[in-house]
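Visitor: mind looking at a prediction? Sequence and model below.
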Amino acid sequence: MIKKTLPAVALLLLLLSFPFGNLWSQGGHSMSFVVKSGSFTEDGTIPQRYTCDGADVSPGLTWAGAPEGTQSLALIADDPDAPVGTWTHWIIWNIPPGNALPEAMPKTDTLIDGSRQGRNDFKRIGYGGPCPPAGKAHRYFFRLYALSAKLDLKPGASRGDLEGAIQGRVLAKAELMGKYERSH
């Protein structure tokens, strides 16, 4: 019995060690594309510094595993728990496919690296931090999209404009979620 199962075990081990590359993917998108922050962990608390109760600056973000062919990145940060429906806190696109957005991004429509920012639901350009009603924790999603092209979208555009522009160009999506609750 042992002699008959050894070849099967060896075959299984060989298959598990084989580099299947994009076979280990979901919907054609690499599962290794990730976005992280040095400011908070996945499902962790977003520090006050990055909220309306603090300096209201954007957290630094890093990513890895953007698929081959990525020409630019786009980010949408929102709060689906807002009383008025999903609230957009930040949209930025034409991010170079390097690996970071530094903390405290300028709140201007066009950045030195060619990235462009749109209008959030606070009616301002750039990042607007968490600012939920007191007493209830809200979830804040930072969704990063790897795109097959740079977008021809004017600075100051809306979230709807951005979502329309990325249609058919998304190679992969990565997501980071943090929480924030105001005490007063």
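Guide: The structure has been received and is ready for your questions. Residues are numbered from 1 along each chain as shown.

Visitor: so where do the helices sit in this structure?
Guide: For the chain, the helices defined by DSSP state H occupy 2-17, 159-166.

Visitor: pick out the shakiest of the ones you listed, pLDDT-wise.
Guide: Mean pLDDT values for the helices of the chain show the minimum at helix 2-17, a mean of 43.

Visitor: return the distance of the nearest residue to A104 once chain neighbours are set aside relative to G65.
Guide: Distance criterion Cβ to Cβ, 6 or more residues apart in numbering; nearest residue to A104, sequence neighbours excluded, is V57 at 3.9 Å. Glycine gets a C-beta too; all of them are placed from N, C-alpha and C. Applying Cβ to Cβ, to the nearest Å, the value for V57 to G65 is 26 Å.

Visitor: from G168, how far off is the residue nearest to A104?
Guide: For V57, the distance to G168 - Cβ to Cβ - is 33 Å.

Visitor: between those two, tell me which one has more neighbours.
Guide: Comparing V57 with G168 by other Cβ atoms under 10 Å, the one with more neighbours is V57, at 18 against 8.

Visitor: hmm, the more buried one is touching G126, no?
Guide: No - with contact defined as Cβ atoms under 8 Å, V57 does not reach G126; the gap is 9.8 Å.

Visitor: intersection of neighbour lists for those two?
Guide: Counting by Cβ atoms under 8 Å, 6 or more residues apart in numbering, the shared contacts of V57 and G126 are M105.

Visitor: measure how buried L176 is and give me the count.
Guide: L176 sits with 23 neighbouring residues when counted by other Cβ under 10 Å.

Visitor: is it in a bridge, and if so with what?
Guide: Judged by DSSP bridges, the bridge partners of L176 are F142.

Visitor: my read: it touches K36, true?
Guide: Yes - the pair formed by L176 and K36 meets the contact definition of Cβ under 8 Å, at 6.4 Å.

Visitor: can you pull the residues that touch both of these two?
Guide: Both L176 and K36 are contacted by 42, 61, under the criterion Cβ under 8 Å, 6+ apart.

Visitor: ok, now how distant is the residue nearest to A104 from N94?
Guide: As judged by Cβ to Cβ, V57 and N94 stand 21 Å apart.

Visitor: same check on T86?
Guide: According to Cβ to Cβ, T86 stands 23 Å off from N94.

Visitor: mind jotting down where the strands sit in the chain?
Guide: Using DSSP state E, the strands of the chain run over 25-26, 29-30, 34-36, 44-45, 61-64, 72-79, 87-95, 100-101, 116-117, 138-147, 170-180.

Visitor: out of those strands, which comes closest to S158?
Guide: With Cβ to Cβ as the criterion, S158 lies closest to strand 87-95 of these, at 7.9 Å.
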